[in-house]
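K.L.:
mind folding the following:
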Amino acid sequence: MKAKVMVVKDYVKITRKGIVQFLLLTLFLQIFLGVKAYAYIIEDMKEVPYYQYNYDVYMNEIPSAAGYYPINAIKGEDIGVGAFKNPTDIYVDSKNDVYIMDSGNKRIVICDMNFNLKKIINRFFYGNENIQLIEPEGIYVDKNGLIYICDKGSKQVYIIDQNGKIVRTITKPVSDLKAAQKDFVPFKVAVDNAGVIYVLSLGSYEGAYMFDQNGTFLGFYGSNKVVVTWQLLVDRFWKSILSKEQKSSMVRYLPTECTSIDFGMDGFIYTCSNISDVSQGEIRKLNYQGDNILWYKKIGQTRDFGDIPKYYGKKLEDTYFIDIDVTKEGFINALDYERGRIFQYDQNSNLLFICGGKGDQIGTFRDPVAVDSINNTLLVLDKLKGTITVFEETKLGKLVHEATILYNEGKYDEAKSLWEQVHKMDFNFALAQVGLGKALLRMNKYEDAMYYFRLANDKDDYSEAKENLRNEFLKRNFGIIATLFIVFIIGIYIIVKKFKKQVTAEEILTKKISKYKFPIHTMLHPFRGFEELKEERKGSIWLSLLIIFLFFIISVINRQYTGFIFNPYRQDKINILSLFSSTVGIFFFWVLSNWMVTTLMEGEGKFDEVWIFSAYALLPYIICTIIAVIMSQFMIADEAMFINLVRMIGTLWATLCMFNATKAVHQFSGGKTVAAMIVSVIGVGIILFIIVLMLTLFGQLIDFVINIYNELLLRM
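P.N.:
Numbers count the residues shown, from 1 in each chain. Got it, this is the predicted structure:
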């Protein structure tokens, strides 16, 4: 017995010791793996000398991890050519040689990709005659090594070889086209693989001038379209009825001017434009017809590139793109002159990274004028500093670029592991969430895919995953669902047959409706139901208050619990006071306005009657909204028409009830009822205007009193 006790004690000791060791080992592994994971996440997360941010799926500015890091600012002295003087452009050719247009020194500096000097071209000649550049700006090098220089001062484009010999010049074209008769001031040039030359000229809204290899003018290409705005439509209306003299004094609407042009490896032309009235489509990818084919999934054909426009006081601050570059892998880099930032997009217009800024530190600029790239290394030229800032990919940047290429090629499975790493480094990176969702969708993991699509606010792909999940569920459980449905129908039939009573015609005529049933009665019989409610005076103020409370609650449920696919609102942000004001508040103002208006029109309804009748009229809208919310939990995007139909039925039904309620409570004719409702709606608008005006004046009064109080404190 003692031996057994000893064995048990030893076993307990060993077990306790084992448990302690196991817990210590587990703790050690968690700490080790946690540190390792943390180190992995922060590895290469270098601190940049500017605010690093991006935009979330709701287009809100959020801090983010850096995709690029400034490693150097190259000066002319570093290359061995002396200081740059007002350099205006930079170009990287197919051999990764860097051409710098050193405008102030009237020369071209040529380096290799490591900025080792290869050549300086500072003498330009045509035959035996030396040519002096006056105000050179843009530079381009074609596949044959010919260098194209835009000289704004001489108003021509010089085409030179690698020794500075001028092969050809392009000057103002001779053409019957009215647009070609403008002043020709070239500032940017690009050449396609066929040798067609595209020149951007200051003040030209018709797009780029096109010339063939011999300098013959071919026409214009790729002009921006005038964006239709409300102000434009109003002005067009007035121009249609005004005289010629009056029209001439009105504002002319012109397309925005292109500020830069570049060719991608895909052969398409990419352009960027300055600020437009609607701030959309500033970056374009043009096909051979000059049509923009740069597609953006979330909002259609064009998007707002660059920063979200913001008002500072009365001044609107928006992005002003001055240069564009397309990398060999198809990433689009656009340079914002306004804030000195580089915005990088993929071929689907998804924003990848933002880097740079205004300032004097490395990675910031004072007068950025040009951007180009060597593979995925960015080069940004600063005219005032006379430097070339070199941005290299961080580890995050490299992962994103590799994953994006695979994603755009449809290789979602191969990109999955890369997106997982990106997601760990930057949880808010929407493209990583979409990429993971796509990969999981291909792996038939529909619920997991829906999770990531929801994070990315990607409703279309979420709908596809939901459809697959629903179809899979129906296949597995079709027999059970069909059986339950049949049992439900039979049960309803038996209950209705059992409790249904035979009612005679005399009972129908003499039957009295309870006041608690009148809301349903008026909904089902809107024409005679409200007349009966008026005659029998069975309206209940408490029932009406309950209906208005339900109206508010259903509005909250509709906003928060409508299915993700059909819900346009952010469910993590809700303003109950605003929602209350837009439901109960508007209803109260409707009743008040209707009562005041109909009093002047000799209506018979009292305020409490108008309140009760109007409340009862809302019941169809409440019920149909509940049905729509329930339907939205199971339906997909292609079935939105059914939900919209239910909502439309609810709105029309409630409108019909409101019409009959107004007609019955005031004993109006049909025409008089329509007039009363229209004037009541106008009255609601007037009431809201007066309230806003009073609040504004009250705010100004408070500010006035505070200013006087502060002034008295200073003088005491």
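K.L.:
for the rest of this, base every contact and every neighbour count on C-alpha atoms.
P.N.:
Fine.
K.L.:
burial count for L316?
P.N.:
Using other CA atoms under 10 Å, L316 has 9 other residues around it.
K.L.:
do I have it right that it meets K310?
P.N.:
Yes: at 5.7 Å, L316 counts as touching K310 under the criterion of CA atoms under 8 Å.
K.L.:
quick one: contacts of the helix or strand hosting I322?
P.N.:
Secondary-structure element containing I322, defined by DSSP states H and E: strand 321-326. When contacts are defined by CA atoms under 8 Å, 6 or more residues apart in numbering, strand 321-326 is touched by residues 259-264, 270-275, 282, 332-338, 369-373.
K.L.:
how about that strand: buried residues?
P.N.:
321-326 (16 or more other CA atoms under 10 Å).
K.L.:
walk me through the domains of the chain.
P.N.:
If you go by automatic domain parsing, the domain ranges for the chain are 54-393, 519-698.
K.L.:
report the buried residues of stretch 418-427.
P.N.:
Applying a neighbour-count criterion of 16+ other CA under 10 Å, one finds 418-426 buried in stretch 418-427.
K.L.:
where exactly do the strands run in the stretch 1-150 of the chain?
P.N.:
Ranges of strands in the stretch 1-150 of the chain, per DSSP state E, counting those that start in this stretch, are 53-55, 61-63, 68-75, 89-92, 98-102, 107-111, 117-121, 124-126, 129-131, 136-141, 147-151.
K.L.:
how far does the first one sit from the chain's center?
P.N.:
Taking the mean C-alpha point of strand 53-55 and that of its whole chain, the gap between them comes to 12 Å (CA atoms, centre = their mean, to the nearest Å).
K.L.:
picking up where we left off before, and of the buried residues of strand 321-326, the nearest to F589?
P.N.:
F589 has its nearest neighbour among the buried residues of strand 321-326 in F321, at 47.9 Å by CA to CA.
K.L.:
now do the closest one against F211, distance only.
P.N.:
Counting by CA to CA, to the nearest Å, the gap from F321 to F211 is 25 Å.
K.L.:
same question for E536.
P.N.:
In terms of CA to CA, E536 sits 87 Å off from F211.
K.L.:
go on, Y221?
P.N.:
For Y221, the distance to F211 (CA to CA) stands at 11 Å.
K.L.:
correct me, but L200 touches F184?
P.N.:
No: L200 is beyond contact range of F184, at 9.1 Å (criterion: CA under 8 Å).
K.L.:
more neighbours: the two, which one.
P.N.:
More crowded of L200 and F184, by other CA under 10 Å: L200, with 27 against 21.
K.L.:
who's more crowded, E536 and F211?
P.N.:
Taking neighbours as other CA under 10 Å, E536 and F211 compare with F211 leading, 20 against 12.
K.L.:
contact partners for that one?
P.N.:
Residues in contact with F211 (CA under 8 Å, 6+ apart) are 196-198, 217-219.
K.L.:
avg pLDDT for the longest helix along the chain?
P.N.:
When the chain is parsed with DSSP state H, its longest helix is helix 670-715. Model confidence over helix 670-715, given as mean pLDDT, is 89.
K.L.:
which other helices and strands contact it?
P.N.:
On a contact count with 3 or more CA pairs under 8 Å, 6 or more residues apart in numbering; DSSP states H and E, helix 670-715 meets helix 586-600, helix 640-666.
K.L.:
and N96, which of those helices is closest to it?
P.N.:
Here helix 640-666 is closest among these (CA to CA), at 51.8 Å.
K.L.:
and the angle for the closest one with helix 670-715?
P.N.:
Angle between the axes of helix 640-666 and helix 670-715 is 100 degrees (criterion: axes from the mean of the first three to the mean of the last three CA atoms, to 10 degrees).
K.L.:
give the buried residues for helix 640-666.
P.N.:
643, 646-647, 649-651, 653-666.
K.L.:
mean confidence for it?
P.N.:
Regarding helix 640-666, the rounded mean pLDDT is 94.
K.L.:
what is the end-to-end distance of stretch 169-186?
P.N.:
End residues of stretch 169-186 are separated by 12 Å (CA to CA).
K.L.:
got a list of contacts for that stretch?
P.N.:
150-153, 155-159, 199-202, 204, 206, 215-217.
K.L.:
at 7 Å instead, please
P.N.:
With contact meaning CA atoms under 7 Å, 6 or more residues apart in numbering, stretch 169-186 is reached by 150-152, 155-159, 199-202, 215, 217.
K.L.:
roughly how far apart are K85 and L713?
P.N.:
The gap separating K85 from L713 is 56 Å, by CA to CA.
K.L.:
scratch that, M694
P.N.:
28 Å.
K.L.:
show me what contacts I687?
P.N.:
Applying CA under 7 Å, 6+ apart, no residues qualify as near I687.
K.L.:
kindly recompute the last result at 10 Å.
P.N.:
The neighbourhood of I687, defined by CA atoms under 10 Å, 6 or more residues apart in numbering, consists of 589-590, 592-593, 681, 693.
K.L.:
strands of the stretch 251-400 of the chain, start to end?
P.N.:
258-263, 269-273, 283-286, 310-312, 315-317, 321-326, 332-336, 341-345, 351-356, 368-374, 377-382, 387-393.
K.L.:
could those strands be laid out in a markdown table, adding mean pLDDT and distance to I139?
P.N.:
As requested, those are exported to a markdown table (pLDDT from 0 to 100; distance: least, CA to CA, whole Å):
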| stretch | mean pLDDT | distance to I139 |
| --- | --- | --- |
| strand 258-263 | 92 | 11 |
| strand 269-273 | 91 | 16 |
| strand 283-286 | 90 | 20 |
| strand 310-312 | 71 | 34 |
| strand 315-317 | 72 | 30 |
| strand 321-326 | 95 | 12 |
| strand 332-336 | 95 | 17 |
| strand 341-345 | 95 | 20 |
| strand 351-356 | 94 | 23 |
| strand 368-374 | 95 | 11 |
| strand 377-382 | 96 | 13 |
| strand 387-393 | 96 | 16 |
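K.L.:
looking at these, which is closest to Y126?
P.N.:
strand 258-263 (27.7 Å).
K.L.:
each with direction, which strands does the closest one pair with?
P.N.:
Note on strand 258-263: by DSSP bridges, its sheet partners are strand 269-273 (antiparallel).
K.L.:
what is the orientation angle of the partner strand with strand 332-336?
P.N.:
20 degrees.
K.L.:
buried residues, the helix or strand hosting M631. List them.
P.N.:
Take DSSP H and E as the rule and M631 turns out to sit in helix 619-632. Using 16+ other CA under 10 Å as the test for burial, helix 619-632 gives 619-626, 628-632.
K.L.:
before we move on, what about stretch 131-142?
P.N.:
Buried, per 16+ other CA under 10 Å, within stretch 131-142: 133, 135-142.
K.L.:
make TSV out of these and add pLDDT and distance to Q560.
P.N.:
Below are these laid out as TSV (pLDDT from 0 to 100; distance: CA to CA, whole Å):
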residue	pLDDT	distance to Q560
L133	92	65
E135	94	61
P136	95	59
E137	94	55
G138	94	54
I139	96	55
Y140	96	55
V141	95	57
D142	93	57
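K.L.:
identify the farthest-apart pair in the residues you listed.
P.N.:
The two members of the buried residues of stretch 131-142 with the most space between them (CA to CA) are E135 and D142, at 21.5 Å.
K.L.:
my guess is E420 contacts V434. True?
P.N.:
No: judged on CA atoms under 10 Å, E420 makes no contact with V434 at a distance of 11.0 Å.
K.L.:
by contact count, what packs against the helix holding M631?
P.N.:
Judged by 3 or more CA pairs under 10 Å, 6 or more residues apart in numbering; DSSP states H and E, the packing partners of helix 619-632 are helix 518-524, helix 541-561, helix 640-666.
K.L.:
what about 7 Å?
P.N.:
In terms of contacts (3 or more CA pairs under 7 Å, 6 or more residues apart in numbering; DSSP states H and E), helix 619-632 is packed against helix 541-561, helix 640-666.
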